[in-house]
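Q: pasting a predicted model and its sequence here:
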Amino acid sequence: QQLTQPRSAPPPHPLPLLQLTMQFSKAILLALVALLALVGLSEAAPRASASHILVKSENEANEIKARVEAGEDFAELARQHSTCPSSRKGGALGEFGPGQMVKEFNDVVFSDEVGVVHGPVKTQFGYHLILITSRDD
């Protein structure tokens with residue numbers, strides 16, 4: 001009786017493996033390009049920080065604005081009068097980018113003068129007095 005050894009399969013052709021590797025590399029490259037584009041956009045986008053006082057009526061907003069213009073502290077008036085939870089921080093909203101706030105608020109923060117109290121600005125939430133504290137243009 002003659003013993004034969006089983007034939008081993010021929011080695012796989014390198015072309016499919018090469019194609020798979022190239023597709024994988026292309027996917028990684030595209031992901032890296034997308035990530036770099038996002039990082040670049042976030043650095044290029046302007047950032048701003050602002051504080052605000054939110055009240056229900058335009059009349060109340062005007063009265064508070066007059067007090068600020070007379071020298072009263074904006075943050076203290078925010079603590080006393082604002083209906084926004086940010087009142088606990090003197091109205092400070094922190095840093096944000098364009099489009100993160102409602103349009104009327106956003107338009108003021110990213111176009112008007114820094115360091116000045118603006119408003120009243122009417123939004124769906126009520127009337128805002130907005131103090132733009134910083135902006136990177």
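A: Done, it's in.
Q: gap between stretch 106-118 and the chain center?
A: The chain centroid and the centroid of stretch 106-118 are separated by 17 Å under Cα atoms, centre = their mean, to the nearest Å.
Q: what about that stretch, how long is it end to end?
A: The first residue of stretch 106-118 is 12 Å away from its last residue (Cα to Cα, to the nearest Å).
Q: tell me which residues in it are buried?
A: By neighbour count on 16 or more other Cβ atoms under 10 Å, the buried set for stretch 106-118 is Asn106, Val108, Val109, Phe110, Val117, His118. Any C-beta I mention is one placed from the backbone N, CA and C, and that applies to glycine too.
Q: do I have it right that the second one meets His118?
A: In this case it means Val108. Yes: the pair formed by Val108 and His118 meets the contact definition of Cβ atoms under 8 Å, at 5.1 Å.
Q: could you look up the next helix or strand downstream of the helix or strand of the chain with the lowest mean pLDDT?
A: Of all helical and strand segments in the chain, the minimum by mean pLDDT, DSSP states H and E falls on helix 14-44, at a mean of 64. The first helix or strand that comes after helix 14-44 along the chain, using DSSP states H and E, is strand 47-55.
Q: in strands, which of the buried residues of stretch 106-118 appear?
A: Those of the buried residues of stretch 106-118 mapping onto strands are Val117, His118, per DSSP state E.
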